[in-house]
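Novice: Any chance you can model this:
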Amino acid sequence: MLRIIFKHLLQREKPRGALEGEYPHLDRCIGCGLCSKVCPTGAIKLFKFRDVICENCRVCIEVCPSDAITMDRFKVNRDRCTGCGYCGIVCTIPVIKEEIPKPKTPVILKSRCNRCGLCIERCPEGAVYLKDNRIDIDSNRCKTCLSCVDLCPMRAIYPPEDYIKSLIVEVDIYSCISCRECEYICPLKNSTQ
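Specialist: Down below sits the predicted model:
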C-alpha cells in the first residue's frame, strides 16, 4: 500500500486540460517577459528589469564575493569568479547573466531541497551524496545525465544550462499546465539552438 502511495506522489501528473510536453527550458531566454504576460495560471514570474542598457549602478560589483567583476562593461574575471550568481540576482537587466559561467554539473537549491535522498539512490554515477546534512554533487563523478533533475520531487535540482536563467526567470512547474502559450509568444521560438 505504501509503495502505491509513494508511486502516486512521485509521478508528475499534469492538471486536467494540460497538453503533453516538456516544461519550459530557460537556456535561451532573453528575459523579454512575454511568456509571463500570457501564462493563464501565472506560473512564470519574471524578476524586475528596468532597462535594457546597463545603468552602471555597480551593485553587481559590490555584491561579488570574489571581486571578479570590473566596471569595464561587465567584464568578469573567470579565474576569480566562483559562479555563485549573486551578480545575476541583483542586476536590473538580463545582460549580465551571459557573463556568469555556467556550472558544469546540476545545481541543488539548498532552500528547496528536503533531503529525501531520491537523487542519491538513483544517481547512476554515484555522484550525489549527503554530507553534513546537505546533499551535494561530486563534479568529478557527475556525467550530467540529469536523472537527479528528473527525479527530484521538490524541483530543487537545476540543469547547468537552466541554473543562471533560474536566477532571473522562475517557472512554477506545479502551476504550469503545459498550455504552451509561453512558447507561442516567445520571440526565440523559430531561432536555432
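
Novice: May I see the buried residues of the helix or strand harbouring Glu183?
Specialist: Applying DSSP states H and E as the criterion places Glu183 in helix 181-185. Within helix 181-185, the residues scored as buried using 16 or more other C-beta atoms under 10 Å are 181-182, 185. The C-beta positions use only the backbone N, C-alpha and C, and glycine is treated the same way.

Novice: Select the helix or strand of the protein having the lowest average pLDDT value.
Specialist: Using mean pLDDT, DSSP states H and E, helix 2-10 stands out as the lowest-scoring helix or strand of the chain, at a mean of 50.

Novice: can you give me the helices for this structure?
Specialist: Using DSSP state H, the helices of the chain run over residues 2-10, 34-38, 59-63, 86-90, 118-122, 147-151, 160-166, 181-185.

Novice: Now do Cys123 against Leu151, distance only.
Specialist: As judged by C-beta to C-beta, to the nearest Å, Cys123 and Leu151 stand 9 Å apart.

Novice: Between those two, tell me which one has more neighbours.
Specialist: Under the neighbour definition other C-beta atoms under 10 Å, Cys123 and Leu151 were set side by side, and Cys123 has more, 20 against 17.

Novice: Could you pull up the residues touching the residue nearest to that one when sequence neighbours are not counted?
Specialist: Nearest residue to Cys123 in three dimensions, chain neighbours excluded: Cys148, at 5.9 Å (C-beta to C-beta, 6 or more residues apart in numbering). If a contact means C-beta atoms under 8 Å, 6 or more residues apart in numbering, then Cys148 has 106, 119, 122-123, 128, 137, 157 as its contacts.

Novice: Which ones among those map onto strands?
Specialist: Counted as lying in strands by DSSP state E, out of the contacts of Cys148, are 128, 137, 157.

Novice: Now render those as CSV, adding pLDDT, neighbour count and distance to Cys35.
Specialist: Output for the ones in strands among the contacts of Cys148, formatted as CSV (pLDDT from 0 to 100; neighbours: other C-beta atoms under 10 Å; distance: C-beta to C-beta, whole Å):
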residue, pLDDT, neighbour count, distance to Cys35
Val128, 96, 25, 31
Ile137, 95, 23, 29
Ile157, 91, 24, 22
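
Novice: Could you tell me the end-to-end distance of stretch 103-112?
Specialist: Using C-alpha to C-alpha, to the nearest Å, one end of stretch 103-112 lies 18 Å from the other.

Novice: That stretch: which residues count as buried?
Specialist: 103, 105-108.

Novice: what's that stretch in contact with?
Specialist: With C-beta under 8 Å, 6+ apart, stretch 103-112 has contacts from 83, 127, 134-137, 139, 142, 144, 146, 148-149, 154-160, 163, 166.
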